[in-house]
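Colleague: sequence first, then the predicted structure, then my questions.
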Amino acid sequence: FQITDDIDLISNAKHLVLPGVGAFGSAMENLEPFRKVIEEHVRDDKPFLGVCLGQQVLMGESEESPNVHGLDLFKGHCEYLPEGVKIPHMGWNRLDVVKKSPILEGVDKEYFYFVHSYHVIPDDDDIIAGTCDYGIDVIASLSQNNLFSTQFHPEKSGKAGLKILKNFVNIKE
């Protein structure tokens, strides 16, 4: 893995990971110079993984920043977690794989670390790859072609998280 903000390195990358902690609006402001290269990467069907806020900015919009446009690579939006659940959702939850996805191979029913107050609502349920029970079904992972995302943090989720990252880097372009 290499951390960079160099457009040339990003455009030549075989795989891209978009991590995220923070707010939708400021994330999109910071991503704006990279929007085109990210869109090209996904359009070329190269593996792309959005993590936590990185999953949320893949949607078209978020209640968190109402007039800010997301990357819109997954059709849908983000909403604040509903009343009745503790916010933020922070801690370990079991992943239920609901759709075959190459990044989720071998991790069904494993526990992953979550920390978030917003969650994604895709327009198309067919892209939902994993959920977790948090009093509501939280969409934990999305998958469409070589575009993947997780609401949880694989990098903070021990062996199961490392398995997801290994699965991701082993995906061929």
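Modeller: Cool, got the structure.
Colleague: tell me how far the top strand by length along the chain lies from the chain's centre.
Modeller: Assignment by DSSP state E gives strand 137-144 as the longest strand of the chain. Relative to the centre of its chain, strand 137-144 is centred 8 Å away, using Cα atoms, centre = their mean, to the nearest Å.
Colleague: burial of Gly161, as a residue count?
Modeller: 21 (other Cβ atoms under 10 Å). For glycine as for every other residue, the C-beta is placed from the backbone atoms N, C-alpha and C.
Colleague: same deal with Lys159?
Modeller: 8.
Colleague: same question, the one 3 residues further on
Modeller: Burial of Leu162, expressed as a neighbour count using other Cβ under 10 Å, amounts to 12.
Colleague: which SS class is it?
Modeller: helix (DSSP: H, G, I helix; E, B strand; the rest coil).
Colleague: who are the contact partners of it?
Modeller: Pro154 (Cβ atoms under 8 Å, 6 or more residues apart in numbering).
Colleague: the strands in the chain, which residues?
Modeller: 16-18, 48-51, 61-62, 76-80, 89-94, 96-97, 111-116, 118-122, 128-133, 137-144, 147-150.
Colleague: great, nothing more from me.
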